[in-house]
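Participant: With the input below, show me the fold.
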Amino acid sequence: MATIDGATLMARSLKQQGVEYMFGIVGFPVFAIAAAAQKAGITYIGMRNEQSASYATQAAGYLTGRPQACLVVPGPGVIHAFAGLANAKENCWPMVLIGGASRRYEVGMGAFHE
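Facilitator: Reported below is the predicted structural model:
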């Protein structure tokens with residue numbers, strides 16, 4: 001039986017749900033997801049900051065009528081992306097916000113944006 005990593009599984013699932021675009025800031029904790037999304041046929045658009053990525057994502061969701069994805073690093077990246085997510089919620093525009101995380105074995109060790 002073949003194995004599949006989590007990033008590939010996530011990317012394939014997003015593609016099956018109609019996600020065409022992923023906006024975000026690629027950092028170490030989410031690099032694998034961005035690469036897997038591109039391999040799955042999702043167009044990745046790199047942004048300068050998380051807030052603009054979330055606004056672009058919610059606008060794309062509105063324009064396509066399908067949820068689009070915003071990919072950000074954990075901690076401050078997720079906090080900065082909340083502005084677009086809140087706007088999407090209030091307007092009932094489809095959007096998925098994906099935030100990275102520290103590796104499980106690093107929890108409690110002061111890992112990057114733990």
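Participant: Contacts only, for the residue nearest in space to the middle of the chain.
Facilitator: Note on the chain: the residue nearest the mean C-alpha position is L71, at 2.2 Å, using C-alpha atoms, centre = their mean. Contacts here follow C-beta atoms under 8 Å, 6 or more residues apart in numbering; on that basis L71 touches 22-26, 30, 33-34, 37, 44, 53, 98, 100. All C-beta atoms are positioned from the backbone trio N, CA, C, and that covers glycine.
Participant: in which helix or strand would I find L9?
Facilitator: L9 belongs to helix 6-16 when elements are defined using DSSP states H and E.
Participant: Which positions within that helix qualify as buried?
Facilitator: Within helix 6-16, the residues scored as buried using 16 or more other C-beta atoms under 10 Å are A7, T8, M10, A11, R12, L14, K15.
Participant: Pick out the most distant pair among those residues.
Facilitator: A7 and K15 (12.6 Å; C-beta to C-beta).
Participant: tally of neighbours for A34?
Facilitator: Per other C-beta atoms under 10 Å, the neighbour tally for A34 reads 22.
Participant: swap that for A88, please
Facilitator: Residues near A88, counting by other C-beta under 10 Å, number 24.
Participant: if I pick it, what's in contact with it?
Facilitator: If you count contacts by C-beta under 8 Å, 6+ apart, then A88 has S54, T57, Q58, G61, Y62, P94, M95 around it.
Participant: next one: phi and psi at it?
Facilitator: A88 adopts backbone torsions of phi -60, psi -40, taken as degrees, to the nearest 10.
Participant: Just say helix, strand or coil for L71.
Facilitator: Put simply, L71 is strand when judged by DSSP: H, G, I helix; E, B strand; the rest coil.
Participant: State the distance from it to N91.
Facilitator: Distance from L71 to N91, counting by C-beta to C-beta, to the nearest Å: 21 Å.
Participant: ok, now D5?
Facilitator: Distance of D5 to N91, computed by C-beta to C-beta: 34 Å.
Participant: on that earlier part again, if the residue nearest to the centre of the chain is in a bridge, with which residues?
Facilitator: Listed by DSSP bridges, the beta-bridge partners for L71 are G24, I98.
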